[in-house]
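Student: The sequence and its predicted three-dimensional model are supplied below.
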Amino acid sequence: MTLVEQFPILVVVVPMLLAPLVAIVPSRGHLPWLFATITSALTFAIAVGLATQVLDTGTIEYALGNWPVPFGIGLVVTPFSALMVLIITGASLAALLAGRDSMTAEVPCENQSLLYSCWLLALTGLVGIAVTGDAFNIFVFMEISSLASYVVVANGPNRRALTASFKYLVTGTIGATFYLIGVGYLYMMTGTLNLADIAERIAPISDTLPVMIAAGFLIMGLALKAALFPMHAWMPNTYQFAPSPVAIFFAACSTKVALFVMMRYEFMVLLPNLGEQAYFLSNLLIPLAVAAFLVGSVVAIFERDLKRMLGYSSVAQIGYIVLAIALASSAGLTAAIVHFFNHALMKAALFTAVAGIMLRYGTTNLDDLAGLGRRMPLTMLGFVFAGLSLIGVPLTAGFISKWYLIQAVLEERGLGILLTMLILLASLMAVVYIWKVVEVAYFKVPANGSLQDVKRQEAPLPILLVLWALVAANIWFGIDPSLPLKVAGMEIGYVLGVSQ
């Protein structure tokens, strides 16, 4: 086999094997950061090659050890899997490139080798979830990424990071346990752990109680891992107290991986086999999704900490994705995939700007950031552009997401009109909390002087470069959304057998 044919396994193995090596690198200077960044860049390059291959030839199936599925473990890289791997590895690389100075300022030097090693293990787990075709291996990779994530969150600059990490651990453990119970029920009823094999064997027994219990546990466990309202409390704390580069990485992709797994079960296993029962379970998610984007937006309006505000904003954005999944239609699947990609771009840009603010001000509390727009004009302008994308202003990626989501909900006729009005209401609330930041940054006078006396001190160049690359991507994919739309069309053909 050629090297290119090994990309499905290399994208997992490279960060997994190099993580222990980073742990033994001396924690002085920027050596651990350099090793982790090179590893992440190599993984991203493999992800680009893998995505290119999948978009050219379609879904790739890879049998580990040449053992045929379902007797052996198989990797399945669908177009959406390839896009998820691209998002995860890209988020990791962007966060590392932007976060060197932030990590040095926020994390004790002696902890950095182990922290970057755990970073790569988290990367391994997240990528592994995206490419594995085995239900139990999803759990294994889920635990790898979660255990490593708890460690990197706990290394935040504030002692409350330990509390945030503990809440994250408890919630994540409950979610993983529920998921594993669901997998256990499926294995008991089908005798297999391969997702494609489960989808084939479950049809004759789809109306049995254990299958319905399995579906309930799976959806509940993944909703916990994804921070779906009202199981979201751990996420704003995690973003607020984690090191700034960690917040960039996790905000772009961490909870989305759980939603990716939920979508895979929804469209590959449940909907084709459980019929009306699957639609019933799916419809139960609609009120939770609506509550997520309404409550998340309302709370974000009243938050005074930038990281925490963006954390509640992510609660709202997760609500949009879950709503699209819960519609259980090809239009809903398209809207979900498009928003997966676009939200990663906008939220990574926002947290990158916040990382620069944290580095210069030492705080992300809005009450201390008066005059920010004059002191850090390029950083703040990047934040504003990313905020416009979050709101859904035309010519930004966020507008494309809202457009396809509204198209999907309008297919629901009467309910669709109500859902559209609620989506527009939540978008108006996003205007309020983004404007709140703009008002403090540009119009509020600092306590110790006037706006004219504020001295300019921009974020470091790496942060600015990453920030504006992400801003440019938000604008580019707001004008030309062909990449996520192509992925969505190919994925629909794979899971629903419908060509687009």
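Tutor: On my side now, so go ahead. Numbering: from 1, shown residues only.

Student: ok, which stretches of the stretch 201-350 of the chain are helices?
Tutor: For the stretch 201-350 of the chain, the helices defined by DSSP state H, counting those that start in this stretch occupy 209-225, 234-241, 244-265, 271-274, 276-302, 306-326, 330-361.

Student: repeat for the stretch 401-500 of the chain
Tutor: Assigned by DSSP H, counting those that start in this stretch, the stretch 401-500 of the chain shows helices spanning 414-443, 461-479, 482-495.

Student: If we go by neighbour counts, what in the last one is buried?
Tutor: For helix 482-495, burial by neighbour count (16 or more other Cβ atoms under 10 Å) applies to 483-485, 487-495. For every residue, glycine as well, the C-beta is placed using N, CA and C.

Student: Quick one: closest of the helices of the stretch 401-500 of the chain to Phe267.
Tutor: Checking those against Phe267 by Cβ to Cβ gives helix 482-495 as the closest, at 4.4 Å.

Student: what's that closest one packed up against?
Tutor: Applying 3 or more Cβ pairs under 8 Å, 6 or more residues apart in numbering; DSSP states H and E, one finds that helix 482-495 makes contact with helix 31-57, helix 79-106, helix 330-361.

Student: Can you find the helix or strand of this protein with the lowest average pLDDT?
Tutor: Scoring the helices and strands of the chain by mean pLDDT, DSSP states H and E places helix 271-274 at the bottom, with a mean of 74.

Student: Show me what that helix is packed against.
Tutor: If contacts are counted by 3+ Cβ pairs under 8 Å, 6+ apart, helix 271-274 sits against helix 209-225, helix 276-302.

Student: of all the helices of the stretch 201-350 of the chain, which lies closest to Leu428?
Tutor: Comparison of the helices of the stretch 201-350 of the chain against Leu428 by Cβ to Cβ identifies helix 276-302 as nearest, at 8.7 Å.

Student: on contacts alone, who are the packing partners of that closest one?
Tutor: helix 209-225, helix 271-274, helix 306-326, helix 414-443.

Student: any idea how far the residue sitting nearest the centre point of the chain lies from Leu285?
Tutor: Residue closest to the average C-alpha location in the chain (Cα atoms, centre = their mean): Cys253, at 2.2 Å. Applying Cβ to Cβ, to the nearest Å, one obtains 21 Å for the distance of Cys253 from Leu285.

Student: now do Met263
Tutor: Applying Cβ to Cβ, the value for Met263 to Leu285 is 11 Å.

Student: can you check Met309 too?
Tutor: Where Leu285 is concerned, Met309 sits at a distance of 25 Å (Cβ to Cβ).

Student: okay, the two: which has more neighbours?
Tutor: Legend: neighbour count by other Cβ atoms under 10 Å for Met309 and Leu285, higher for Met309 (26 against 22).

Student: got a list of what the more buried one touches?
Tutor: Contacts here follow Cβ atoms under 8 Å, 6 or more residues apart in numbering; on that basis Met309 touches 300, 303, 433, 437.

Student: what residues are up against the first one?
Tutor: If you count contacts by Cβ under 8 Å, 6+ apart, Ala300 has them with 309-310, 312-313, 316, 429-430, 433.

Student: Same check on the last one?
Tutor: Residues near Val437 by Cβ under 8 Å, 6+ apart: 306, 309, 366, 383, 387.

Student: where in the stretch 151-300 of the chain is pLDDT low?
Tutor: Within the stretch 151-300 of the chain, the segments meeting pLDDT under 70 span 275-278, 280.

Student: at 80 what do you get?
Tutor: Across the stretch 151-300 of the chain, the ranges flagged by pLDDT under 80 are 203, 206-207, 271-283.

Student: Check the stretch 1-150 of the chain too.
Tutor: 1-5, 26-29, 64-72, 107-111.

Student: can you do 70?
Tutor: The stretch 1-150 of the chain contains residues with pLDDT under 70 at 1, 109-110.

Student: now do the stretch 301-450 of the chain
Tutor: For the stretch 301-450 of the chain, applying pLDDT under 70 flags the ranges 447-450.

Student: Which one of the contacts of Val437 is nearest to Gly216?
Tutor: Closest to Gly216 out of the contacts of Val437 is Met309 (33.2 Å), distances taken as Cβ to Cβ.

Student: For the closest one, which non-adjacent residue is closest in space?
Tutor: Distance criterion Cβ to Cβ, 6 or more residues apart in numbering; nearest residue to Met309, sequence neighbours excluded, is Glu303 at 4.0 Å.

Student: can you tell me how far Ala51 sits from Pro8?
Tutor: Separation of Ala51 from Pro8 (Cβ to Cβ): 11 Å.

Student: Would you indicate which residues of stretch 259-266 are buried?
Tutor: Across stretch 259-266, burial judged by 16+ other Cβ under 10 Å covers 259-266.

Student: just checking, Leu218 touches Ala176?
Tutor: No - counting by Cβ atoms under 8 Å, Leu218 stays clear of Ala176, with 11.5 Å between them.

Student: Mind checking which of the two has more residues around it?
Tutor: More neighbours surround Leu218 than the other of Leu218 and Ala176, with 26 against 19 (other Cβ under 10 Å).

Student: Just list the residues touching the more buried one, thanks.
Tutor: Leu218 is in contact with 178-179, 182-183, 186, 262, 265, counting by Cβ under 8 Å, 6+ apart.

Student: ok, so of those residues, who is nearest Gly398?
Tutor: Met262 (22.2 Å).

Student: In contact with the nearest residue to the closest one once chain neighbours are set aside, which residues?
Tutor: In space, and not counting its chain neighbours, Met262 is closest to Leu222: 4.3 Å by Cβ to Cβ, 6+ apart. With contact set as Cβ under 8 Å, 6+ apart, Leu222 has these partners: 175, 179, 258-259, 261-262, 265.

Student: Mind putting the residues you listed into JSON lines with distance to Ala349?
Tutor: Output for the contacts of Leu222, formatted as JSON lines (distance: Cβ to Cβ, whole Å):
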{"residue": "Gly175", "distance to Ala349": "28"}
{"residue": "Tyr179", "distance to Ala349": "31"}
{"residue": "Ala258", "distance to Ala349": "22"}
{"residue": "Leu259", "distance to Ala349": "20"}
{"residue": "Val261", "distance to Ala349": "26"}
{"residue": "Met262", "distance to Ala349": "25"}
{"residue": "Tyr265", "distance to Ala349": "31"}
